[in-house]
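Undergrad: When you get a sec, could you give me coordinates for this:
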Amino acid sequence: MNVEITLITHVFIGGGGFSVLSPYVDFVVRGRYVELVERDKLLNLFSSPQWMDRYKSFLNQNWRNNRFSKTLQDFLRENKIPVDKVLSGRKIAVEGDIKGREVSLFSASVGRSYIPGSTIKGSIRTALCYAYIDRKGADAKRRIMGNILRVKTNGNKKFSPKSAFPTLVGNDVGLKFRAHDDPLKLLQVSDTTFFSEDEMIILNAYVLRMNKPAEVEGTPVVYEVARKGAKVRARIKIAKAFARGSFQDGFWDFLLRGDYCKLFRYINAFSLDFVKCERRRLLKFRGSVPSMLAKFYEKLEKKIESGSKTGKVAYMMVGRGTTLFGKTVDNIFTEEELQRLREAFKGLRNFGWKNGKLVNPFPITRLVPETNPVPFGWIEVRAIGV
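TA: So this is what the prediction gives:
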């Protein structure tokens, strides 16, 4: 099945820990664009020890508050070196003032940005795990709760709920398969086509604290993101490589039938539950939620409900900026159950503990673009051929 993916909000898929642009060697900002430096041209400029020493001295003299207060661009200007001498000719649109900060780059191959198929499949896997547990009902949840409440440590390390919950759930209800008979091996997702250059933008993102009146927190992080409204294509295929007996559960029969409509409905069911839960969580912040964020989820809920009826379009979250609940199956638990689980992870900061006390409502922060306080990562996946 070929699919067209439309970005409902900006999306950021990290390109790895070292995929960053540095304002000291990689780019300058001119007008509304980040213009990329060609390393060979820069090395040629600094080929003499005199210029290299001058640049190092310039940076050392401008070290303030654990960061450099000036950049390569300032050095070139102060030394009357035409900036075009070091530029590659490539540029990326920029929104806002990035103030010489490093830029985290989008996932790319040979310099062209795309969404990896593994990222999309990971989101689908979460949705299917959620659907499977939901189908098993209260008994499965009780067993899962028992496992998590019993196992608080793994050696000397505390479990992170972001990784421990899916693993413990898998061990308990049959979602952790041996490699050769994992039914999700039947699901194959290709990398997307490449985004065009004008579909990428560099912007600031802030942590928005919801327990204070729409207040941003800390220093912004700068990301290269794929813009809202951008479109790419991919292929989702359900292979037929395993015998029915491998699955030991009728839930997975839709994969054997190649039932893409059911696949999309499971994805939408997970996303719809997330949106409804998120709207309820946001209501607890007593009017401090930006109206734009509230309206976004209201409209998105209607989109997902409409897509669920057709079975031809699915909505999901990918990449950075979604909450704990968007990346895991934690919405399967009631508020009371979740509170018990949080007590089991007492003191774990990324599960809502601060200074020895639980923070409620939880989570209290959301990562949003500087100019538009709606979440990153929402995409629409529409079937265009089976």
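
Undergrad: low-confidence ranges in this structure?
TA: 16-18, 65-66, 147-182, 212-217, 241-249, 287, 385-386 (pLDDT under 70).

Undergrad: Please go through it and pick out the longest strand.
TA: In the chain, taking DSSP state E as the definition, the longest strand is strand 215-226.

Undergrad: What residues sit buried inside stretch 32-47?
TA: The neighbour-count check on stretch 32-47 (16 or more other C-beta atoms under 10 Å) flags 34, 35, 36, 37, 42, 45, 46 as buried. In this view, the C-beta of every residue, glycine as well, is placed from N, C-alpha and C.

Undergrad: With just CA atoms, put that stretch into CSV.
TA: As requested, the backbone C-alpha atoms of stretch 32-47 are provided in CSV (Å, rounded to 0.1, in the frame of the first residue of the first chain):
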residue,chain,number,x,y,z
ARG,A,32,15.9,34.8,7.1
TYR,A,33,18.3,32.0,6.3
VAL,A,34,21.0,29.9,7.8
GLU,A,35,23.7,29.6,5.2
LEU,A,36,26.0,26.6,5.4
VAL,A,37,29.8,26.8,5.4
GLU,A,38,31.8,24.6,3.1
ARG,A,39,34.4,23.0,5.3
ASP,A,40,37.2,22.9,2.6
LYS,A,41,36.8,26.7,2.1
LEU,A,42,37.0,27.3,5.8
LEU,A,43,40.0,25.1,6.2
ASN,A,44,41.7,26.9,3.3
LEU,A,45,41.0,30.2,5.1
PHE,A,46,42.6,28.8,8.3
SER,A,47,45.4,27.0,6.5
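
Undergrad: Show me the domain layout of the chain.
TA: Here the domain assignment for the chain is 2-12+115-194+231-385, 23-101, based on automatic domain parsing.

Undergrad: Distance to residue 221 for those - can I get that in JSON lines?
TA: What follows is those, written out as JSON lines (distance: least, C-beta to C-beta, whole Å):
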{"stretch": "domain 2-12+115-194+231-385", "distance to residue 221": "8"}
{"stretch": "domain 23-101", "distance to residue 221": "8"}
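
Undergrad: Out of these, which is the most enclosed?
TA: domain 2-12+115-194+231-385 (a mean of 17; mean count of other C-beta atoms under 10 Å).

Undergrad: So what's the gap between that domain and the chain middle?
TA: Relative to its parent chain, domain 2-12+115-194+231-385 has a centroid offset of 12 Å by C-alpha atoms, centre = their mean, to the nearest Å.

Undergrad: where exactly do the helices run in this protein?
TA: 39-45, 49-61, 72-78, 117-136, 138-150, 161-173, 253-256, 260-283, 291-310, 324-327, 335-344 (DSSP state H).

Undergrad: Tell me which of the domains of the chain lies nearest to residue 202.
TA: domain 23-101 (4.5 Å; C-beta to C-beta).

Undergrad: returning to that earlier point: could you redo the helices of the chain as a markdown table and give each row distance to residue 203?
TA: Below are the helices of the chain laid out as a markdown table (distance: least, C-beta to C-beta, whole Å):
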| stretch | distance to residue 203 |
| --- | --- |
| helix 39-45 | 25 |
| helix 49-61 | 26 |
| helix 72-78 | 19 |
| helix 117-136 | 20 |
| helix 138-150 | 37 |
| helix 161-173 | 25 |
| helix 253-256 | 39 |
| helix 260-283 | 23 |
| helix 291-310 | 16 |
| helix 324-327 | 20 |
| helix 335-344 | 33 |
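
Undergrad: among those helices, which is nearest residue 377?
TA: Closest among those, using C-beta to C-beta: helix 324-327, at 7.5 Å.

Undergrad: which secondary structure elements does that closest one contact?
TA: With contacts defined as 3 or more C-beta pairs under 8 Å, 6 or more residues apart in numbering; DSSP states H and E, helix 324-327 has these neighbours: helix 161-173, helix 260-283.

Undergrad: hmm, try it at 10 Å
TA: Contact partners of helix 324-327 among helices and strands, from 3 or more C-beta pairs under 10 Å, 6 or more residues apart in numbering; DSSP states H and E: helix 117-136, helix 161-173, helix 260-283, strand 313-317.

Undergrad: For these, could you give me TSV that also reports distance to residue 329?
TA: TSV is the format used below for the helices and strands packed on helix 324-327 (distance: least, C-beta to C-beta, whole Å):
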stretch	distance to residue 329
helix 117-136	5
helix 161-173	6
helix 260-283	8
strand 313-317	13
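
Undergrad: Could you point out which of the ones you listed sits nearest residue 190?
TA: Of the helices and strands packed on helix 324-327, nearest to residue 190 by C-beta to C-beta is helix 117-136, at 4.9 Å.
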